[in-house]
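S.K.: Build me a structure from this.
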Amino acid sequence: MKREEKNVTDLFIRHFSFWPHLSDAEKELLNAHTHAVHYEKGAQVHRGPFDCIGVLLIKKGQLRVYTLSEDGRDVTLYRLFPDDIGILSAACTLDSVTFDVYIDAEEDTEALLTDASAFRKLSDGNIYVRCYAYELASKRLSDMLWKLQQVLFLSVDRRFAIFLLEESRERKSDTVHLTHEQMARYMGTAREVVTRLIKYFNQEGWTRTGRGCLQIVNRDALKELAGPY
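M.R.: Below is the predicted model of the structure:
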């Protein structure tokens, strides 16, 4: 086995729980129809109802998954980071999942892409693949519902506290390197709202603005404001 093929197989073993339940022919099919892809920052990866590219396994970078309103406004549903799996870019392979999402590259991103047609064939012929796909899709739909609940029912200052804590946990750092515009887009609000929130959080001593970043100073205060989530 070539080194590159072995690396890909190792990723499958680590991320696809159905791998041990595939036949040799199914493993060969998965390998043959999976290829490396690279997306430049700002590139549109998936165009909602106009696309069904397949399953993405993120190796490096970051993708943003969002939905669009009729008037063109977008709401970020969740983001995909290294080691995450993008299943809704293959929604056409899941008969009961009809929610269309758009995906953009927030950073230069490297991923493995399994073609939708091949994944559909695996899912149709192997119950373990099908269960994995629906379980992952269910988790993503739950993430989306939680985000929409935040937008609809939580105060904006609580949402901002939750956002900062989640971003800090994901990045394993107390420093958030995002612009006001990016924070607003990820939260589903206006840039001016984020600017006012940062000013308020700084005045309270919860955060501190640095050069091109926002630093969490009082994590306990943010946790109290965020509440259970």
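S.K.: Burial check on the closest residue in space to residue 84 that isn't next to it in sequence, number of neighbours?
M.R.: Among residues not flanking residue 84 along the chain, residue 58 sits closest, at 4.9 Å (Cβ to Cβ, 6 or more residues apart in numbering). Just so you know, the C-beta spots here come from the backbone N, C-alpha and C atoms, and that holds for glycine as well. Residue 58 has 20 neighbours, counted by other Cβ atoms under 10 Å.
S.K.: Which strand or helix spans residue 111?
M.R.: In the assignment (DSSP states H and E), residue 111 maps to strand 109-115.
S.K.: can you list contacts of that strand?
M.R.: 8, 11, 30, 33-39, 41, 45, 53-63, 86, 90 (Cβ atoms under 8 Å, 6 or more residues apart in numbering).
S.K.: picking up where we left off before, which residues does the residue nearest to residue 84 bridge with?
M.R.: With DSSP bridges applied, residue 58 shows beta-bridge pairing to residue 111.
S.K.: Can you identify each of the strands in the protein by residue range?
M.R.: 34-39, 44-47, 54-60, 63-68, 74-80, 85-86, 102-105, 109-115, 175-176, 207-210, 213-216 (DSSP state E).
S.K.: Just send the ones you listed back as TSV, with distance to residue 121 and mean pLDDT too.
M.R.: Shown next, in TSV, are these (distance: least, Cβ to Cβ, whole Å; pLDDT from 0 to 100):
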stretch	distance to residue 121	mean pLDDT
strand 34-39	13	95
strand 44-47	20	94
strand 54-60	12	95
strand 63-68	25	91
strand 74-80	24	89
strand 85-86	18	94
strand 102-105	23	96
strand 109-115	9	96
strand 175-176	42	96
strand 207-210	50	94
strand 213-216	46	96
